[in-house]
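[1] Return a 3D structure for these sequence lines:
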Amino acid sequence: MTLPLTPALPFTPATSVIPTSVLNAWRTFFPACLDADGGGTYVNLTPIIFDTGSAGWAFGAGVTVLSGGFLTVAGPLAVAGAATFTGAVSINSPGSLTLASSVNLVVGGNATVTGTLTGNGATSLTGNTSITGNVTQPLTITATQPSSSADPGANNRIHATNIPKAWAHVRVSSGGLSVIDGYNIQSVAVGTTTNECRVTFTRAMANASYVTLFSSRVKDFQATSAATETTTFVEFNVTRSSTAVDLDIASPVTDVDIVLAVFARQ
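    Below you'll find the predicted structure:
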């Protein structure tokens, strides 16, 4: 295996070459991608460094980091092809990893992000994940939802079943019902009876065995769950504690603010 030697003094086209013995010694220090045709595996003993201002790497095919390997990003890295890492991935500030819209990121090892990770496709992190920067894209938890008696597997772990699936700040007033703020709330209206307030979810729950927590922001009033709870809405009563009389939601004698949170399976 020979390569044209440039520069060479004197240089003779198609004649000046790097000796095979020298070339083989050099190859010890280069990654296996330089031997794509031969399919060999080599261990580079020193890192290959592209300093500031260099063009860097460009991969036309997918990039895979094998189990036990790792990828450390200290500068900008843009991925337009497949991104599958069974090894560890570290994105150190001010480094950044940006994925094209059609690229899914799969990390089987540990992922540590102190820089910026911008994923426009699906992102799957199955190892331990540490993120100290900002998460600017919505996260969807797709892991199996544990049963009520199952061991969560670790302390302080986020599962789909231990985060609220809906919350709302509802105002009951003579001017009508309104949602001051909330999440996954489609509408609020008078319920099955005029003593009940119905809150309808934008996205339904998996079953009606969920938990709704209520609190009143007005003294002497409390909210309690009514008999009607479905996968698509929950109804509640507003009761004056001192008289044990339910408030007429359609025509209340006073304004009351109620806050609620729903924990459920979806």
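[2] which ones are touching residue 222?
    Neighbour list for residue 222: 214, 216, 238, 239, 241 [criterion: CB atoms under 8 Å, 6 or more residues apart in numbering]. For glycine as for every other residue, the C-beta is placed from the backbone atoms N, C-alpha and C.
[3] same question but for residue 109, I mixed them up
    Each residue near residue 109 by CB under 8 Å, 6+ apart is listed here: 65, 67, 70, 85, 86, 87, 88, 89, 127.
[4] Quick check: phi and psi at the residue nearest in space to the middle of the chain.
    Note on the chain: the residue nearest the mean C-alpha position is residue 139, at 3.1 Å, using CA atoms, centre = their mean. For residue 139, the backbone dihedrals are phi -110, psi 130 (criterion: degrees, to the nearest 10).
[5] distance of residue 114 from residue 240?
    Computed as CB to CB, to the nearest Å, the residue 114 to residue 240 distance reads 53 Å.
[6] make that residue 224, sorry
    12 Å.
[7] Mind checking which of these two has more residues around it?
    The neighbour comparison of residue 224 against residue 240 (other CB atoms under 10 Å) goes to residue 240, with 16 against 11.
[8] I'd like to know how far the more buried one sits from residue 137.
    Applying CB to CB to residue 240 and residue 137 gives a distance of 45 Å.
[9] Could you do residue 215 as well?
    In this view, residue 215 and residue 137 are 31 Å apart by CB to CB.
[10] returning to that earlier point: the residue nearest to the centre of the chain and residue 124, how far apart?
    11 Å.
[11] remind me which residues of this protein are low pLDDT?
    Residues of the chain meeting the criterion pLDDT under 70: 1-63.
[12] So which residues of it form helices?
    20-27 (DSSP state H).
[13] so what are the domain limits for it?
    Domain assignment for the chain by automatic domain parsing gives 1-50, 59-140, 162-263.
[14] As CSV, those with distance to residue 150 would be great.
    Formatted as CSV, those follow (distance: least, CB to CB, whole Å):
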stretch, distance to residue 150
domain 1-50, 43
domain 59-140, 19
domain 162-263, 12
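[15] Tabulate the contacts of residue 222 in a markdown table, adding columns for distance to residue 171 and neighbour count.
    Output for those, formatted as a markdown table (distance: CB to CB, whole Å; neighbours: other CB atoms under 10 Å):
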| residue | distance to residue 171 | neighbour count |
| --- | --- | --- |
| 214 | 14 | 17 |
| 216 | 11 | 17 |
| 238 | 11 | 24 |
| 239 | 17 | 18 |
| 241 | 19 | 11 |
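[16] Of these, just say which sits nearest to residue 132.
    Nearest to residue 132, judged by CB to CB, of those is residue 214 at 35.7 Å.
[17] hang on, the earlier thing: need the max-distance pair from the contacts of residue 222.
    214 and 241 (13.2 Å).
[18] From the chain's centre, how far out is stretch 114-130? Work that out for me.
    7 Å (CA atoms, centre = their mean, to the nearest Å).
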